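Asks: sharing a model that was predicted from the sequence below.
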Amino acid sequence: MKKIVITGGSGFFGTFLIKELLAENPNYHVVVMDLIEPKVNNDRVSFFKHNLLDSFGGKDCSLLESPFAYFHLSGKNIFGSFTEKHKKEIYDTRIIGTRNLLNLFTEEKYKPQKLIAASAVGYYGSQPVNVINESSSIGTSFLAQVVDDWEHEVHKGRDMNISTHCIRNAHIIGQGGILSVVSSYASYGFGAILGNGKSHFPWIDILDLCHIYMTFLQEGNHPLIINGVSGTSDTHADFGKAVGRAKKVLFNIHIPRLLLRVKFGSFADEMLVDQRVSTQYEDFSPVRYTNLIERINHYLK
């Protein structure tokens, strides 16, 4: 059995990734490191309860011995009002959490061969003029700085001779996540379009994103950083209208930036960043799903 540890594995994406791993290879055993028990009930799934803001000192970590790979997904959900408390949790769960994880790897019996970590296209901030790829410059927003510091901690794994990679996730389209949040507005009889709707909306189908993560488990010369994106040029209006059609709403309304700021503070600006994101590594793990309307219909049917 190859042991794969998934931090934050009880979340929306982690749960789906576990199912794909189990289906892909009967020799994978998954250990979920989280505060919440995994939602997948399977003999090849174990649970290690731990908060990565805490050290591992004095804890029985035998379940974590001899890992083949880590998928490091752990981090506070960014969605919500950007209070100072929330921003600190977003930052600390990623930077301190990653630091504590790599401290565990200093003991040889806990060190994996591979470390594949979640990151985010938030690294690029708002760049409305450019087509963005992995060589593009960093943005100036709070989340851009978080991602930069986060990746810096992750890549310390390379100094430990661990094959280390970051996947900059776009908005994940699946049964849950942002699609669940936006489609909930349809309960009131209308579809929601954020801002003026013109900002580009980088997205990826959850199946394609799982495929990218799992490709890193294979042998080969893999990129250090890759954008997990569909590579399309859809906008917030395209997304909102597609959700509205799937939910059969009567009309769509624009939620202006000012109103979003009242509810979410500075997070409103992060929600409306304009990013047309592609990847330099299409041949590494090509995406299969690029029709946003079709995928939204699939998950909301």
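Replies: Cool, the structure landed. Just so you know, these numbers come straight off a predicted model, no measurement behind them. Numbering: from 1, shown residues only.

Asks: which residues touch the spatially most distant residue from the centre of the chain?
Replies: With distances taken from the mean C-alpha point of the chain and given as CA atoms, centre = their mean, the most distant residue is residue 250, at 32.0 Å. The neighbourhood of residue 250, defined by CB atoms under 8 Å, 6 or more residues apart in numbering, consists of 189-190. For the C-beta atoms, the positions are set from N, CA and C on the backbone; glycine is no exception.

Asks: dihedrals phi and psi, it?
Replies: Summarising the backbone geometry of residue 250 under the convention degrees, to the nearest 10, its torsions are phi -80, psi -30.

Asks: cool, and residue 197?
Replies: Main-chain dihedrals, residue 197, degrees, to the nearest 10: phi 80, psi -10.

Asks: kindly report the same for the one 3 residues further on.
Replies: Dihedral pair for residue 200: phi -70, psi 150, per degrees, to the nearest 10.

Asks: what number of residues lie near it?
Replies: Residue 200 is surrounded by 21 other residues when neighbours are defined as other CB atoms under 10 Å.

Asks: in the sheet, who's paired with it?
Replies: Taking DSSP bridges, one obtains residue 235 as the residues bridged to residue 200.

Asks: repeat that for residue 72.
Replies: Beta-bridge pairing for residue 72 (DSSP bridges): residue 7, residue 117.

Asks: do you know how far the residue farthest from the centre of the chain is from residue 298?
Replies: Spatial separation of residue 250 from residue 298 under the definition CB to CB, to the nearest Å is 23 Å.

Asks: and what of residue 29?
Replies: Distance from residue 29 to residue 298, by CB to CB: 30 Å.

Asks: neighbours of the closest residue to residue 19 other than its chain neighbours, how many?
Replies: Taking CB to CB, 6 or more residues apart in numbering, and ignoring the residues beside it in sequence, residue 19 has residue 40 as its nearest neighbour in space, at 6.1 Å. Other residues near residue 40 come to 19 when the count uses other CB under 10 Å.
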